[in-house]
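[1] Sequence first, then the predicted structure:
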Amino acid sequence: MIAFGIAEFYYRSKEGVVADEMQFVSKGAPAVVINEQGEGVHGTAEGYLDLLVDNRGDYKEKIATFVIRNFMSAQPINELTQVSKTPHSPETPDFAKELLENNVTSTDEDLDQEPPF
């Protein structure tokens, strides 16, 4: 089986999340997965870019096609962001806080003394 069409993908840039489109083609097992999911399938694709050079006299147009070798379907997400809305601060266990406080105190006392060498 061969599946082909237009794939929409997202990437991050200085402006934020950007959507772009590219032709794709897939053969074999990945094509079966894409065909079973139907139009609008979401997932992660692995493959390579195949460049076709269209020579039109003085102008050469490079047409890129994404050849999908492996595809894993996934559920779509509502927001394309990696930052959660609630700030996350790591929790430090009580025993680590005590060790840190003891270490800082002993280090401050050690700074007041002459070095042993």
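    Perfect, I can see it now. Nothing here was measured: the structure is a model prediction, and the numbers come from that model.

[2] so where is this structure shaky, pLDDT-wise?
    By pLDDT under 70, the weakly predicted segments of the chain are 77-117.

[3] What are the boundaries of the helices in it?
    Here the chain has its helices, by DSSP state H, at 29-37, 94-112.

[4] Leu51 reaches Lys60, doesn't it?
    No. Here Leu51 lies out of contact with Lys60, judged by CB atoms under 8 Å, at a distance of 10.7 Å. Placement of C-beta: from N, CA and C, glycine included.

[5] Going along the chain, name the strands of this protein.
    2-13, 16-27, 43-56, 59-73 (DSSP state E).

[6] Can you tell me which of the ones you listed is nearest to Val33?
    Val33 sits nearest to strand 59-73 of all the strands of the chain, at 5.2 Å, using CB to CB.

[7] I'd like to check the angle between that closest one and strand 16-27, please.
    Orientation check (axes from the mean of the first three to the mean of the last three CA atoms, to 10 degrees): strand 59-73 against strand 16-27 gives 90 degrees.

[8] which secondary structure elements does strand 59-73 contact?
    Counting contacts by 3 or more CB pairs under 8 Å, 6 or more residues apart in numbering; DSSP states H and E, strand 59-73 is packed against strand 16-27, helix 29-37, strand 43-56.

[9] picking up where we left off before, format the strands of the chain as TSV; extra columns: distance to Asn35 and mean neighbour count.
    Below are the strands of the chain laid out as TSV (distance: least, CB to CB, whole Å; neighbours: other CB atoms under 10 Å):
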stretch	distance to Asn35	mean neighbour count
strand 2-13	5	12
strand 16-27	9	14
strand 43-56	13	11
strand 59-73	11	13
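
[10] would you list these in TSV and tack on distance to Ile34?
    Below are the strands of the chain laid out as TSV (distance: least, CB to CB, whole Å):
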stretch	distance to Ile34
strand 2-13	4
strand 16-27	6
strand 43-56	8
strand 59-73	6
